[in-house]
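[1] This is a predicted model, with the sequence first.
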Amino acid sequence: MDYELIIKIFPLPIFIVDEDVRTHYLNPAAEKIFRTDSAKVLNRRCGEIFHCLHHFDVPEGCGRGPFCKTCIIRNSVKKSLSGKVVNRRQVKVEVLQGETKKKFDWLITTTPFPDGHKPLVLLIIEEISEITKLRDIIPICAKCKRIRDDEDYWQNVEDYFNEYIGIEFSHGICPECMKSLYPGLMKE
């Protein structure tokens with residue numbers, strides 16, 4: 001079985017990293033989502049690639065600042081290397097996209113990767129913000145049914161669900177509303 005081919009065609013971002021979370025390989029899905037290519041990121045730490053806000057905390061960069069001791073990605077990689085186990089953790093991250101800070105919910109999966117030469121870990125990152133967003137309590141107006149987003153902007157239900165999870169709505173009228181809106185059209 002050609003593992004490289006499977007990793008290459010897998011639709012989620014996959015990185016193969018070492019104990020310092022330096023990238024040795026990334027698949028095309030990772031290149032696309034993180035808007036980079038292998039040549040630019042090989043041997044760079046993941047915090048630099050993901051534009052983690054904390055990789056700027058100290059001049060030495062990713063993995064060296066005070067926050068890095070609690071980094072889910074870094075600790076998941078260590079756990080997979082030390083215990084040879086699959087590790088899955090959900091994490092809220094804040095990264096830079098251009099000049100803007102963006103918040104995401106990621107599901108991080110790590111597992112030891114058989115290389116034979118040095119200890120490596122397969123790191124998979126799933127962006128699950130839309131799923132976790134729907135688990136939250138959604139503030140909705142009791143009268144007009146518009147939904148308030150995180151920026152205190154009120155939008156209709158259709159627009160909210162379309163924006164966050166890509167759902168399109170079709171419209172109709174239920175029998176009860178048909179009776180109240182168009183009483184003359186309903187047969188008894």
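    Cool, the structure landed. Numbering: from 1, shown residues only.

[2] Contacts for stretch 67-79, please.
    For stretch 67-79, contacts defined as CB atoms under 8 Å, 6 or more residues apart in numbering pick out 17, 19, 21, 46-47, 52, 54, 57, 62-63, 85, 87, 89, 91, 108-110, 121, 123. Where you see a C-beta, it was placed from the backbone N, CA and C, and this is true even at glycine.

[3] so where's the longest helix in this structure?
    helix 72-83 (DSSP state H).

[4] in the very next helix or strand once past that one, what's buried?
    As assigned by DSSP states H and E, the chain's next helix or strand after helix 72-83 is strand 87-97. Using 16 or more other CB atoms under 10 Å as the test for burial, strand 87-97 gives 87, 93, 95.

[5] again with stretch 67-74
    Quick answer for stretch 67-74 (16+ other CB under 10 Å): 68, 71-74.

[6] Farthest-apart pair in the residues you listed, please.
    Greatest spatial distance among these (CB to CB): 68 and 72, at 10.8 Å.

[7] okay, how far is it across stretch 140-158, tip to tip?
    End-to-end distance for stretch 140-158: 12 Å, by CA to CA, to the nearest Å.

[8] for the chain, what helix or strand is lowest in average pLDDT?
    For the chain, counting by mean pLDDT, DSSP states H and E, helix 129-135 ranks last in confidence among helices and strands (a mean of 69).

[9] next helix or strand past it?
    Downstream of helix 129-135, the next assigned helix or strand under DSSP H and E is strand 147-148.

[10] what's that next one packed up against?
    strand 154-155 (3 or more CB pairs under 8 Å, 6 or more residues apart in numbering; DSSP states H and E).

[11] which strands and helices sit next to the strand it packs on?
    Strand 154-155 packs on strand 147-148, going by 3+ CB pairs under 8 Å, 6+ apart.

[12] Scan the protein for its longest strand.
    Longest strand in the chain by number of residues (criterion: DSSP state E): strand 100-113.

[13] need the next SSE after that one, C-terminal direction.
    In N-to-C order, the element after strand 100-113 by DSSP H and E is strand 120-127.

[14] hey, C-alpha coordinates of that following strand in CSV?
    Provided in CSV are the C-alpha atoms of strand 120-127 (Å, rounded to 0.1, in the frame of the first residue of the first chain):
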residue,chain,number,x,y,z
LEU,A,120,7.7,11.5,13.5
VAL,A,121,4.1,12.3,14.1
LEU,A,122,1.1,12.5,11.7
LEU,A,123,-0.8,15.7,12.6
ILE,A,124,-4.3,16.2,11.2
ILE,A,125,-6.1,19.5,11.7
GLU,A,126,-9.9,19.7,11.2
GLU,A,127,-11.6,23.1,11.2
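
[15] Show me the contact partners of it.
    By CB under 8 Å, 6+ apart, strand 120-127 touches 7, 12-19, 21, 24, 30, 33, 46, 73, 76-77, 80-81, 104-113.
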